[in-house]
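>>> turn this into a structure:
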Amino acid sequence: MSNKIQTLSGYIHEYQKSVQDPDNFWGRIADSFYWHKKWDQVVDWNFEKPDVKWFVNGKLNITENLLEKHLFLLGDKPAIIWEPNDPEEAVRTITYRELYEMVCQFANAMKAQGVEKGDRVIIYMPMVPEAAVAMLACARIGAVHSVVFAGFSAKSLADRIEDCEAKMVLTSDGNFRGEKKIAVKNVVDEALENTNSVEKVIVLKRTGQEVTMKNGRDIWWSDAIEGVSKENKAEVMDSEDMLFILYTSGSTGKPKGVVHTCGGYMVYTTYSFQNVFQYNSGDVYWCTADIGWITGHSYIVYGPLLAGATTLMFEGVPTYPNPGRFWDICDKHQVNQFYTAPTAIRALQVFGTEPLEPYKLDSLKVIGSVGEPINEEAWHWYHDHVGKGRCPIVDTWWQTETGGIMVSPIAGVTPTKPSYATLPLPGVQLAILDNEGKELKGNSVEGNLCVKFPWPSILRTTYGDHERCRQTYFSSFKGYYFTG
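Residues are numbered from 1 along each chain as shown. Model (predicted):
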């Protein structure tokens, strides 16, 4: 049974069901996944503590739903298409079967290096398929991954390693970014001078630049997987076990480790991906984000792969070797859904429409925007010149803390309006409150955007500091999650 909404009346019907009977609504959607043990209760929540649990006592492994589940029917289908920084370098295409073997092998390699269920692993890597493999291998053995954007400083990296007491760091010798070659391993070495929890560092060869390997601590990725079995039995996880920590820069200067858990995150990212982008089997989907951000987690790796999609990963930047690079990739790989940030759109708008002229862009069906509000001028430029006036724009509003898209048009279903994110997805119960916490009704009101009922991918806590989570998100308006 498909959980895909296809008409506006269908959206209204699904939304009403999700509000009137959330247990039945989300229980039905969760039923389409593979569970070792079904849940005892769909949701148990209290926004004052806060304490939220989804699919209580359900047992699963997210990677079985992303790998084993697809092997029989989609084994030979491309799971990841990787486009390198340099357009002259070969593209890599990894099928679901190959991805399964890579993840199992690296999961075994990590275990051989001493990583166990519950250990925290930092991933500080370029946009290469191995970065996604690393995330999934952690999830497979029950280790908690924390991806740090590989452009952050040694101090930022050290702060995150220290906060989660990471046992392992996964990194590369270097990173290509446009014309630049960045010495990633040197940053890791500097960060580790000021931390003492890390026991092992696994280093992927990417740029071939000279690096220092510390004896007993550092190991090359190729050596770590050599001769290692490509079969691995996934760890059975509780629905509420930690899947990952993703740090946002906190207002106090100390980074906030936003915690997401296995079951609810799996269900919500898949559901939101399928609906917002209206993905169909055989489509090629491309989100231009970095996996260091929540967008990369939810809509490059987990959401698309759980849905059995072909997801494109791009290592480079939009202007290298020229400002037509995005459009070249869209034509080259016949991209159907394209999801990028308003910052990128505005940066490309500066070059005018000339860089677009050599490209057809006729494979595009849906174009999307993420990361910040899109201004009207950029919306029109994107709609007219990239989408050729025929592709709906999904202008998505959400946060690291929400785990998945909260407010967005459903492509081809919801009427759109430039610079408006339109309507909440099913299950998302929004409220606008005045400063006293009174709910404001009607269309022309202005106030504080809050959520009055949990959705499956809501953050559960901030790592190691639950009080900070309560203060930041749940203390401003009693009984509400404050998006502020």
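>>> how many neighbours does W286 have?
25 (other CB atoms under 10 Å). All C-beta atoms are positioned from the backbone trio N, CA, C, and that covers glycine.
>>> surely it meets K332?
No - applying CB atoms under 8 Å as the test, W286 and K332 come out as separate, 10.8 Å apart.
>>> so, low pLDDT: which residues of the stretch 351-484 of the chain?
Low-confidence segments of the stretch 351-484 of the chain, defined by pLDDT under 70, are absent.
>>> oh sorry, the question was meant for the stretch 1-150 of the chain
The low-confidence ranges in the stretch 1-150 of the chain, as defined by pLDDT under 70, are 1.
>>> how about a cut-off of 80?
1-2 (pLDDT under 80).
>>> which stretches of it form helices?
8-20, 22-30, 62-66, 68-74, 96-112, 129-141 (DSSP state H, counting those that start in this stretch).
>>> so for K388, which of those sits nearest?
Comparing the helices of the stretch 1-150 of the chain by their distance to K388 (CB to CB), the top pick is helix 8-20, with 23.5 Å.
>>> now find how far off-centre that closest one is within its chain.
26 Å (CA atoms, centre = their mean, to the nearest Å).
>>> could you list every helix and strand in contact with it?
When contacts are defined as 3 or more CB pairs under 8 Å, 6 or more residues apart in numbering; DSSP states H and E, helix 8-20 sits against helix 22-30.
>>> buried sites along the helix it packs on?
P22, F25, W26, G27, I29, A30 (16 or more other CB atoms under 10 Å).
>>> quick check, nearest of those residues to G178?
Out of those, the member with the shortest distance to G178 (by CB to CB) is I29, at 41.0 Å.
>>> now do the same contact list for the closest one.
Residues in contact with I29 (CB atoms under 8 Å, 6 or more residues apart in numbering) are N3, V267, Y271.
>>> so the last one, which state does it fall into?
When you say that, I think you mean Y271. Using DSSP: H, G, I helix; E, B strand; the rest coil, the structure places Y271 in helix.
>>> that one reaches N3, doesn't it?
Yes - between Y271 and N3 there is a contact at 5.9 Å, judged by CB under 8 Å.
>>> which of these two has more neighbours?
More crowded of Y271 and N3, by other CB under 10 Å: Y271, with 28 against 16.
>>> just give the nearest non-adjacent residue to the more buried one, would you?
In space, and not counting its chain neighbours, Y271 is closest to I29: 5.5 Å by CB to CB, 6 or more residues apart in numbering.
>>> and T95, how far is that from I80?
9 Å (CB to CB, to the nearest Å).
>>> okay, those two: which has more neighbours?
Shown here are T95 and I80; by other CB under 10 Å, I80 has more neighbours (24 against 18).
>>> that one contacts F314, correct?
No - using CB under 8 Å, I80 makes no contact with F314, being 11.1 Å away.
>>> list the buried residues of stretch 343-363.
Buried, per 16+ other CB under 10 Å, within stretch 343-363: A344, I345, L348, Q349, P355, L356, Y359, L361, S363.
>>> dump those residues to a markdown table, plus distance to C469 and secondary structure.
Shown next, in a markdown table, are these (distance: CB to CB, whole Å; DSSP: H, G, I helix; E, B strand; the rest coil):
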| residue | distance to C469 | secondary structure |
| --- | --- | --- |
| A344 | 31 | helix |
| I345 | 33 | helix |
| L348 | 37 | helix |
| Q349 | 38 | helix |
| P355 | 44 | helix |
| L356 | 44 | helix |
| Y359 | 45 | coil |
| L361 | 43 | coil |
| S363 | 42 | coil |
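>>> now distance to E116 too, for the residues you listed, in TSV please.
What follows is the buried residues of stretch 343-363, written out as TSV (distance: CB to CB, whole Å):
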residue	distance to E116
A344	39
I345	44
L348	45
Q349	49
P355	50
L356	50
Y359	49
L361	48
S363	45
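>>> farthest pair within the residues you listed?
Farthest pair in the buried residues of stretch 343-363, by CB to CB: Q349 and S363, 21.7 Å.
>>> as a check, name the ranges of all helices in the stretch 351-484 of the chain.
Under DSSP H, counting those that start in this stretch, the stretch 351-484 of the chain gives helices at 376-381, 466-469.
>>> hmm, K478 is touching E48, no?
Yes - with contact defined as CB under 8 Å, K478 reaches E48; the gap is 6.5 Å.
>>> quick one: strands adjacent to the helix or strand where G257 lies?
Using DSSP states H and E, G257 sits within strand 256-261. Partners of strand 256-261 in the sheet, by DSSP bridges, are strand 242-248 (antiparallel), strand 461-462 (antiparallel).
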